[in-house]
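# Structure here, sequence nowhere to be found:
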């Protein structure tokens, strides 16, 4: 009798309970071992342990809605989908140091272009993420667990759901006690995962994405008033020494893919990695900003472009290039069109990547030279993300010579992109020897990019375009994420503390122009500041535009540099992972007066990010334009190459 009772206990509830335990433990171990969540103290340890439980029960309980054999099938399907979601976040995190959001899933047109990078992010042990699912499947296939078609009573199902909701509410309550206003003031997804777990984060992300999508429909013309008042009150008057010194000059932006500022003057085995960029920083005709930070989020390169064209922040989830491509913008190409400028972008990749061929029209770019405009002699000319930099620049000059002057142009490089693969016949410097594959390769592709830019400058001089141009060379985002900090300690020769890690987010900014009185500028700034800086150099008044950055050369420039997750840097305070640091000593700030000041800076950062998001999500610029601004006519722009 006892044995029969045990066999009968192998009904669906027992199978369900086993699945819950498997998923709970797998998710907990994944969160501990695969993500850098910064867990501190007993309470956060407890939260990390319990947060997968409630959501595991809730999601798997969907199977109770089905009858007979179907409930087993549904449970296995849900379990597999949750496992795939968990693993996808692990792979995504290994490079981006971030978590997948709903808008990034929607960005399917990019998948073909990035698929080549995925294998380099996978590990042999990744099979363990799915072993538990095969165990559950095997228990059914080999009839270790017998299919039980009896229904669990409604009261029991209600009790299970109540228990799951109780665990989730307890989790949220404890999280709020440790991190007040976690869901209402947070820009950092790391906090959501740490406190609420991966699956609750997915729910939170879906809700936030839905809210952001609804903002446009609910917005009206009154919503822009607060924004205008804010940007006008934070406007920085141009520096008379620099205002208009580049008036009428051609503008050439050079997008330094994945170049971090630590590469400037860095020597590997006694050899400069980027000798040409190094020389530009010291050139008597260059302004070099050595405290300039990227401020990108999930959009990475697209976020950097979005900021420099609009002085608006990228979105906290996904990329505005994809989700807000049809918005109304008052971007640099459209502004400069009124000053007689022709505008163009040069990029040796598919025009649809990051929806560039759509959003560039919204920005007002007259022309877009994508891969269709370039000759690819052989497969050796192609990098992971398009045409190699040297043939790309060489062919671009020929198109540049045909553009009416003055022109506003941007050149997007691709060779120095993760996973930093380079044919060794093209390498002119040795790899590093940290033992980390991508870090070691990083220096060879950086050297190749440096040589390509030097070649570009020489070609422009020969074409007669150098003397009448202003060049802005900027790094778009980090190339080596925090997941490689151990290798980076070997590279830079010091421990990667929170302050050092923040400074590793510095990217080069070089403004070069023949006749410019060059120097190194210590001002703190970020990509959000590029548009007002350039426009003032060109002699364009920006006081009536909605810009969240300020002129880097202005005496009124705001040196508070906001990161997309709500952290920040400034000359006196750094904010990272919920703590405030002295940038000089690297110590946590404990002085009460300094803490109050740091909290005030934090509030200013959060306000700025919130207002910028309102502009982008609500498409608020459709309700406002400065008096002299001519709106973009997107329908008149055509980027297709005409058949010869």
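Cool, got the structure. Since the structure is predicted, the reported quantities are computational estimates derived from the model, not experimental observations.
# how does this protein divide up, domain by domain?
Listed domain ranges for the chain are 2-215, 239-553 (source: automatic domain parsing).
# Could you tell me the least trusted of those?
Lowest mean pLDDT within those: domain 2-215, a mean of 83.
# quick check, distance from it to the centre of its chain.
Distance, stretch centre to chain centre, for domain 2-215: 25 Å (C-alpha atoms, centre = their mean, to the nearest Å).
# Please shift the residue numbers so they start at 26 in all later answers.
In the new numbering, first residue 26, that becomes domain 27-240.
# ok, back up a step: can I get the domains of the chain in CSV including mean neighbour count?
For glycine as for every other residue, the C-beta is placed from the backbone atoms N, C-alpha and C. Listed next are these as CSV, based on neighbours: other C-beta atoms under 10 Å:
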stretch, mean neighbour count
domain 27-240, 16
domain 264-578, 20
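# can you tell which of these is closest to residue 617?
domain 27-240 (19.1 Å; C-beta to C-beta).
# my read: residue 369 touches residue 389, true?
No. With contact defined as C-beta atoms under 8 Å, residue 369 does not reach residue 389; the gap is 11.3 Å.
# quick one on the thing from earlier: for the domains of the chain, which one sits closest to residue 611?
It is, among those and with distance given as C-beta to C-beta, domain 264-578, at 4.4 Å.
# gap between the two ends of the closest one?
One end of domain 264-578 to the other measures 6 Å (C-alpha to C-alpha, to the nearest Å).
# Stretch 255-273 too?
End-to-end distance of stretch 255-273 (C-alpha to C-alpha): 31 Å.
# Turn the domains of the chain into JSON lines, including distance to residue 604.
Formatted as JSON lines, the domains of the chain follow (distance: least, C-beta to C-beta, whole Å):
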{"stretch": "domain 27-240", "distance to residue 604": "9"}
{"stretch": "domain 264-578", "distance to residue 604": "7"}
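# nearest to residue 649, of the ones you listed?
Using C-beta to C-beta, those put domain 264-578 closest to residue 649, at 7.1 Å.
# Check the offset of that closest one from the chain's centre.
Mean-position distance between domain 264-578 and its chain equals 15 Å (C-alpha atoms, centre = their mean).
# all helices for the stretch 226-375 of the chain, in order.
With helices called from DSSP state H, counting those that start in this stretch, the stretch 226-375 of the chain shows them at 248-258, 300-307, 326-335, 345-348, 357-362.
# export the ones you listed to JSON lines and tack on distance to residue 169?
JSON lines is the format used below for the helices of the stretch 226-375 of the chain (distance: least, C-beta to C-beta, whole Å):
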{"stretch": "helix 248-258", "distance to residue 169": "60"}
{"stretch": "helix 300-307", "distance to residue 169": "63"}
{"stretch": "helix 326-335", "distance to residue 169": "50"}
{"stretch": "helix 345-348", "distance to residue 169": "46"}
{"stretch": "helix 357-362", "distance to residue 169": "65"}
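# wait, is residue 38 part of a helix?
Yes. Judged by DSSP: H, G, I helix; E, B strand; the rest coil, residue 38 forms part of a helix.
# Go ahead and confirm residue 639 touches residue 237.
No. Under the criterion of C-beta under 8 Å, residue 639 is not in contact with residue 237, lying 10.0 Å apart.
# For residue 499, give me its contacts.
278-281, 317, 329, 333, 532-535, 552, 555 (C-beta atoms under 8 Å, 6 or more residues apart in numbering).
# ok, now residue 151?
So residue 151 contacts 112, 115-116 (C-beta under 8 Å, 6+ apart).
# For residue 109, see how far away it is.
12 Å (C-beta to C-beta, to the nearest Å).
# Double-check that residue 497 belongs to a helix.
No. Counting by three-state DSSP, residue 497 is not part of a helix but strand.
# Nearest residue to it in space, ignoring adjacent ones along the chain?
Closest residue to residue 497 apart from its sequence neighbours, by C-beta to C-beta, 6 or more residues apart in numbering: residue 278 at 5.1 Å.
# Isn't the one you found up against residue 390?
No. In this structure residue 278 lies outside contact range of residue 390 using C-beta under 8 Å: 11.8 Å.
# rewinding a little: so which of the contacts of residue 499 sit within strands?
The strands, defined by DSSP state E, take in 278-281, 317, 534-535 from these.
# ok, so of those, who is nearest residue 182?
For those, the nearest to residue 182 is residue 280 (55.6 Å; C-beta to C-beta).
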